[in-house]
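In: Provide a 3D model corresponding to the input given below.
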Amino acid sequence: MEKVEDYVTHGSNMQRRDAQDVVEEFTYELSKMRGKCLDVGSGPGNITKEMLLPILPRDAEVVGADISQPMVNYARQKYSDKRLSYIVLDIEASELPSDQVEQYDNVVSFYCLHWCNDMWRAFENIYKVLRPNGKALMMFLGYHCGFNAYLRIKQDPRYQSYVQDAGRYVPYFQRRMCKDVRASLRKMLEDLGFEILHCSKREKSYQYSKQSLKNHVIAVNPFIKRIPDDMKGEFVDHLVSEIMSQNVLIPLKSKNSQEEYNIVLRYDLLIAYVQKPAV
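Out: Sure, this is the predicted structure:
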């Protein structure tokens, strides 16, 4: 997701809707998050600035963190504030920068952690950046039907060499085909030392037109930059067709002769609100 403008325009509508729902549900908890707060996976900074900052106490300081330098650059330019700063940070790093350890009273993360290949390491690092008694509110994908298309397209000889690591981009708990995702998440967090304040799985769906789905795929797909220019169009069309073939299509009334559909994509959200114990 290095093309930030494409992501903001076409790749983040579902994420924004779901983040808004979680922010509204946990408004009380967020309103009590004083001190220094880290937003893991802040991306372009719009949710950090427009949703999170207004709810936090006025004396709270927010640091938006993202692994992508282009995202951080965009956020600094578009969503600056005297209470808000942005840094490049890999939450899966084998060793965190020393100036980040136990520096935060709170952590939030919306729609980021499912991209982590090593979920345990990501949660462990969130534990490390928190001060004793610090709290973390995290929301991420447990399952999304669209990711199955990555694994199917990997079998196509035309694209095989470009998507060999397709499984790496499937959400962590989806890759492991956990029977009880919520229980698996809860155990992982408890084993790391967190106290569980809330842990839930939510079944969700989102509708796309064929064109909006295509725009979304281009904006968030990790393989596009690897595909030769003369193959990009057919690759995107093939991936969209794979997604459509496995999901619910809702016929729409059309003025032209071609039948049109909305595509309903189903997915599960995982939400965890946890606390690092006092020393």
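
In: shaky segments in this protein?
Out: 1-3, 6, 9-11, 248, 251-259 (pLDDT under 70).

In: Which parts of it are helices?
Out: All helices of the chain, identified by DSSP state H, fall at 4-6, 13-25, 27-31, 46-47, 53-55, 69-78, 119-129, 148-153, 172-175, 181-192, 210-220, 229-245.

In: Format these as TSV; extra columns: distance to Glu95.
Out: C-beta coordinates here come from the backbone N, C-alpha and C atoms, glycine included. Shown next, in TSV, are these (distance: least, CB to CB, whole Å):
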stretch	distance to Glu95
helix 4-6	28
helix 13-25	29
helix 27-31	30
helix 46-47	28
helix 53-55	30
helix 69-78	19
helix 119-129	9
helix 148-153	30
helix 172-175	21
helix 181-192	17
helix 210-220	29
helix 229-245	36
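
In: got these as CSV, with mean neighbour count and distance to Ile87 columns?
Out: Shown next, in CSV, are the helices of the chain (neighbours: other CB atoms under 10 Å; distance: least, CB to CB, whole Å):
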stretch, mean neighbour count, distance to Ile87
helix 4-6, 17, 16
helix 13-25, 17, 20
helix 27-31, 14, 21
helix 46-47, 20, 16
helix 53-55, 15, 16
helix 69-78, 17, 7
helix 119-129, 20, 11
helix 148-153, 18, 30
helix 172-175, 21, 24
helix 181-192, 16, 23
helix 210-220, 18, 23
helix 229-245, 15, 32
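
In: Can you say which of those is nearest to Pro97?
Out: helix 119-129 (9.8 Å; CB to CB).

In: Show me what the closest one is packed against.
Out: Contacts defined by 3 or more CB pairs under 8 Å, 6 or more residues apart in numbering; DSSP states H and E place helix 119-129 against strand 104-110, helix 181-192.

In: how about 6 Å then?
Out: Counting contacts by 3 or more CB pairs under 6 Å, 6 or more residues apart in numbering; DSSP states H and E, helix 119-129 packs against helix 181-192.

In: And for Cys37, nearest residue in space, chain neighbours not counted?
Out: Leaving aside its sequence neighbours, Cys37 sits nearest to Asn106 (CB to CB, 6 or more residues apart in numbering; 4.3 Å).

In: That neighbour against Met138, yeah?
Out: No - counting by CB atoms under 6 Å, Met138 is not a contact partner of Asn106; they are 11.3 Å apart.

In: What residues does the residue nearest to Cys37 make contact with?
Out: Contact partners of Asn106, counting by CB atoms under 6 Å, 6 or more residues apart in numbering, are Met33, Cys37, Lys135.

In: Flag every buried residue along stretch 261-268.
Out: Tyr261, Ile263, Leu265, Tyr267, Asp268 (16 or more other CB atoms under 10 Å).

In: Look up how far Trp120 lies from the residue nearest to Phe110 when sequence neighbours are not counted.
Out: Excluding the flanking residues, the one nearest Phe110 by CB to CB, 6+ apart is Ala19, at 4.3 Å. According to CB to CB, to the nearest Å, Ala19 and Trp120 sit 24 Å apart.

In: for the helices of the chain, which one sits closest to Val163?
Out: For the helices of the chain, distance to Val163 was read as CB to CB. The smallest value, 6.2 Å, belongs to helix 148-153.

In: could you say what helices and strands the closest one packs with?
Out: Using 3+ CB pairs under 6 Å, 6+ apart: helix 148-153 touches helix 229-245.

In: Just give me the neighbour total for Phe147.
Out: 19 (other CB atoms under 10 Å).
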